[in-house]
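> Quick one, structure for this:
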Amino acid sequence: MKKTSLLSAIAGAILLTSLFPVTTHATPVSATININTSATTTYNPDFRGLNNEPERTAIRINDANVINAANNYGRIGFLRWPGGTPTNSYSWKLGSTDTEYNGQAMKEAGRYYPQLYARRYQLTKGGERISDYVDFLQQTGAKAVIMVNVLQYNPEQSRDLAKYLYDNHVPVLYFELGNEISYYTTGIGSQQAAFKSAIDYLNRAKTFNDIIKSEYPSAKTVISMSNNQVAGFDNEVYSYPNKYWDAITTHRFKGDGTTTSAAMTNANGYLDNWNTLIDANYGINLPGTPLFIGEHGVALGGELYNSQYHGIYVSESILRLVTNSSIPYLAGYTFTNGLFTPGTSNKMLLEDAYQRGTTVDTSTLNFDPYYGAPAASLKVIDGAINQGTVAWGTSVTGGSTVSKTGGTMPALFAQAFRGDNGKNYVVLTNKSADEHEVTVRMNGSNVASELTKTYTTATDPLARNRGANLIDVTVQSGSTSNPILVPPYSVMRVEWTRTSSPDAPRPPVLMMTAAGNQSVTLKWQPSLNATGYKVKYGTSSGSYTTTVDAGNNLTRTITGLTNNSTYYFTMTAYNATGESLVSNETSATLSAPVAPETRRAFGETIGNIGVEWKSVPGATGYKVKYGTTSGTYTNTIDVGNNLGKLIRGLTVGTTYYFAVTAYNGRGESGPSSEMTATAPSFLPLAPHDAAITSETSNSSVGNQPAQKRIVSILKTAHQAVGRPNKEPGPSYPTASGTQASINRLSQAWA
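Numbering: from 1, shown residues only. Next comes the predicted model:
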């Protein structure tokens, strides 16, 4: 602990008083929480999840340290992947940011350069692989929310994505069709426009919707709203005649000001109108349509960002929204650079390796991870919310008040929950500098059980965690009597035992089913409250003649099977109370997989070729084989269970030939059809900033209903001169190279 002089302490106290004007009390302020168990609201299992952007870090999402951090945090309901802004310039097959698209689409330096450096980190750590994400889901029990790059993908790439997830039994809550699309529409956003309007976006996104659902039959899709910031965009969504999507999404980052007091007042105002905003906008205009909130918090980079008050804000938002029937799932805050924040970033290590053209085994790195301050508070509330599916009627009487925009509001907010684990919970926030003495009453009587409280608190609402050794906000715990002392600026979970026996477990999710020699290896997700698992299997779908107790493990190899036969598997979870319903069914044929269907090989950047293919049911991995002579492959790369590979360091100007094989424990397939590509040297960026000034219906190009004339190309100078060749290097575009691109485009559209 740092030593502070008396004079400094007095000065600090004066400063805090001036920054956070509140009514303080020498003794705790009294309040009562009333819980009514006859008033219930049910919500989805795994309601609470997190956003994720690991590609901007040295972190590999399935690193053992990351898995341990996730499991120590508690149950994470879902994890968006790849998450946020990176989605819009990310190639999921190659596992890296597309620098050409990034250079064209990201008009703001604050967006362009982080993506550029993310590309370097991705290449150095071997890619941001989808197989790593699937591994994380299997070991933690989190479900998937998949971000689909509708700005850059063609629909066939989304088909391959959906097929891969279906073939690998990945539990997907939603396919999100683009991230914050209003920023990429003409006349609205600050980025390069990819769509003319919301209607244009919805028309084009429908193709993605239909293809995804054809490959993943139970898929649900989400379309992007404008975050209630652009009325014209939202109104077009409201009036769109064919509402093919399953849910909508909006993000909300509010709560800022020129002073801390003003920022807190502003944040409180937004807290108080969350449900009114939802009901008055989306509820009225899209009745019955679920609202998935993928991101929310205080103003990014603002006065309260990453502080204790940020944690209070997101925690109370979640407590207010969990009982809103319009919201099926709710994310808030980030996993990487949030729950798992590297105290040692290792970015310079990766940058040095990138410059040398080498890679880094990130599993050997020391991250010194710590929680961002909001993550500590979210650990408190998620320890209740994701333990059950029932919220009870809860009200607060008494207590102090805090300022909000246009008035005041109670300092305390509370919500009670019934846990599936035999515990009762009440979770509360205290937005004031006052300590409170809170009595918890259930159905008219004071709770007399032995209580435990788990909480975060800080005398300074701007308290932040800045490193593994600079932690101001921690999760604290201890026993307590009733009434409960609630400290200033805090988030608290109070729990007590309802019954000694938890509910029977939820059904597990069976994921990997890998064929071996007279065996099949199974992997599944952990089930809430399970103490063990049973694997059931047989040779007919729906008929399971053999049961194996797998104990409290997440994998089991079933032996004594017959090669070239097909087996069907399901499983249950159990505890002392009982056994769950059966999981999903999977199957495995004990033979080598068939050869993959190829997609493309293409010159990606200087000396680099991208190779892509489709998934094969039953495959557990793939190998890329290549050489400089057709049919002769002198090099082999095992890429694991992924559908693409960026092959780097090839000889510029040389033509390469590629084939792909699939494998499992029974053997390797024959080669795919051959693909070929030439390792490129200098490639100028494609033209952009094209403008359509007229569209007429009296002519056509190919099957297009209207002729479109490009009248303005390459408005910005960085495309003509001075921008690096896709990824930084010694070569820069030339005027002749740019003109050649323009000429080719003009001929194609003539």
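
> okay, CA-based contacts and neighbour counts for the rest of this
Fine.

> now the helices for the stretch 101-250 of the chain?
Ranges of helices in the stretch 101-250 of the chain, per DSSP state H, counting those that start in this stretch, are 109-124, 130-140, 155-167, 198-215, 231-239.

> From residue 566, how far out is residue 519?
Between residue 519 and residue 566 the computed distance is 11 Å (Cα to Cα, to the nearest Å).

> what touches both of the two?
Here residue 519 and residue 566 have residue 590 as joint contacts, going by Cα atoms under 8 Å, 6 or more residues apart in numbering.

> which ones are touching residue 328?
By Cα under 8 Å, 6+ apart, the contact list for residue 328 reads 43, 44, 47, 290, 291, 292.

> any idea how far the closest residue to residue 300 other than its chain neighbours is from residue 456?
Excluding the flanking residues, the one nearest residue 300 by Cα to Cα, 6 or more residues apart in numbering is residue 253, at 6.5 Å. The gap separating residue 253 from residue 456 is 22 Å, by Cα to Cα.

> out of the two, which sits in the busier spot?
The neighbour count for residue 253 versus residue 456, taken as other Cα atoms under 10 Å, is higher for residue 456 (28 against 16).

> Next, the more buried one: phi, psi?
Phi and psi for residue 456, reported as degrees, to the nearest 10, are phi -120, psi 150.

> what do you get for the one 10 residues further on?
Residue 466 has phi and psi values of phi -110, psi 0 when expressed as degrees, to the nearest 10.

> can you pull the pLDDT of residue 518?
At residue 518, the model reports a pLDDT of 98.

> okay but it is in contact with residue 566, surely?
No - the pair residue 518 / residue 566 is not scored as a contact, 11.0 Å apart, by Cα atoms under 8 Å.

> where do the strands sit along the stretch 301-450 of the chain?
In the stretch 301-450 of the chain, the strands defined using DSSP state E, counting those that start in this stretch lie at 330-334, 341-342, 369-370, 388-398, 401-404, 407-410, 412-419, 423-430, 436-442, 445-446.

> With residue 257 as the reference, name the closest of these.
Nearest to residue 257, of all the strands of the stretch 301-450 of the chain, is strand 401-404, at 12.2 Å by Cα to Cα.

> Let me know the average pLDDT across the closest one.
Here strand 401-404 scores 98 as its mean pLDDT.

> do stretch 272-282 as well
On average, stretch 272-282 scores 91.

> A strand includes residue 265, no?
No - looking at residue 265 with DSSP: H, G, I helix; E, B strand; the rest coil, it is helix, so not inside a strand.

> Thought residue 403 was touching it, still the case?
Yes - judged on Cα under 8 Å, residue 265 makes contact with residue 403 at a distance of 5.4 Å.

> which ones are touching the nearest residue to residue 53 once chain neighbours are set aside?
Nearest non-adjacent residue to residue 53, counting by Cα to Cα, 6+ apart: residue 83, 5.4 Å away. The contact partners of residue 83, taken as Cα under 8 Å, 6+ apart, are 51, 52, 53, 147.

> ok, now residue 567?
537, 538, 539, 540, 587, 588, 589.

> per-residue pLDDT, it?
Confidence score, pLDDT, at residue 567: 98.

> Would you format the strands of the stretch 301-450 of the chain as a markdown table with distance to residue 316 and mean neighbour count included?
Formatted as a markdown table, the strands of the stretch 301-450 of the chain follow (distance: least, Cα to Cα, whole Å; neighbours: other Cα atoms under 10 Å):
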| stretch | distance to residue 316 | mean neighbour count |
| --- | --- | --- |
| strand 330-334 | 11 | 24 |
| strand 341-342 | 23 | 23 |
| strand 369-370 | 23 | 22 |
| strand 388-398 | 14 | 20 |
| strand 401-404 | 14 | 20 |
| strand 407-410 | 12 | 16 |
| strand 412-419 | 7 | 25 |
| strand 423-430 | 6 | 25 |
| strand 436-442 | 17 | 20 |
| strand 445-446 | 24 | 13 |
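
> Mind checking those for the one nearest to residue 627?
Taking those one by one with Cα to Cα, strand 341-342 is closest: 40.1 Å.

> residues in contact with that closest one?
For strand 341-342, the external contacting residues (Cα under 8 Å, 6+ apart) are 367, 368, 369, 370, 371, 372, 467.

> so which of those is the most crowded?
With neighbours taken as other Cα under 10 Å, the top of the contacts of strand 341-342 is residue 372, carrying 31 neighbours.

> Surely it is in contact with residue 464?
Yes - using Cα under 8 Å as the test, residue 372 is close enough to residue 464 to be in contact (7.2 Å).

> picking that back up, so what sits against both of residue 518 and residue 566?
Jointly contacting residue 518 and residue 566 under the rule Cα under 8 Å, 6+ apart are residue 590.

> Next, work out how far apart the spatially closest residue to residue 670 that is not a sequence neighbour and residue 92 are.
Computed as Cα to Cα, 6+ apart, the closest residue to residue 670 that is not its neighbour in sequence is residue 595, at 5.4 Å. Using Cα to Cα, one obtains 21 Å as the distance from residue 595 to residue 92.

> For stretch 190-207, output the C-alpha coordinates as PDB.
Listed next in PDB are the C-alpha coordinates belonging to stretch 190-207 (Å, rounded to 0.1, in the frame of the first residue of the first chain):
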ATOM      1  CA  SER A 190     -17.700   8.300 -40.900                       C
ATOM      2  CA  GLN A 191     -16.400   5.200 -42.700                       C
ATOM      3  CA  GLN A 192     -16.400   4.200 -46.400                       C
ATOM      4  CA  ALA A 193     -20.000   3.600 -47.400                       C
ATOM      5  CA  ALA A 194     -20.800   0.000 -48.200                       C
ATOM      6  CA  PHE A 195     -24.500   0.400 -48.400                       C
ATOM      7  CA  LYS A 196     -26.700   3.200 -49.800                       C
ATOM      8  CA  SER A 197     -29.300   2.900 -47.000                       C
ATOM      9  CA  ALA A 198     -30.800   0.600 -44.400                       C
ATOM     10  CA  ILE A 199     -33.000  -0.800 -47.100                       C
ATOM     11  CA  ASP A 200     -30.000  -1.600 -49.300                       C
ATOM     12  CA  TYR A 201     -28.300  -3.300 -46.300                       C
ATOM     13  CA  LEU A 202     -31.400  -5.300 -45.400                       C
ATOM     14  CA  ASN A 203     -31.900  -6.400 -49.100                       C
ATOM     15  CA  ARG A 204     -28.300  -7.600 -49.400                       C
ATOM     16  CA  ALA A 205     -28.200  -9.100 -45.900                       C
ATOM     17  CA  LYS A 206     -31.100 -11.300 -46.700                       C
ATOM     18  CA  THR A 207     -28.900 -13.400 -49.000                       C
END
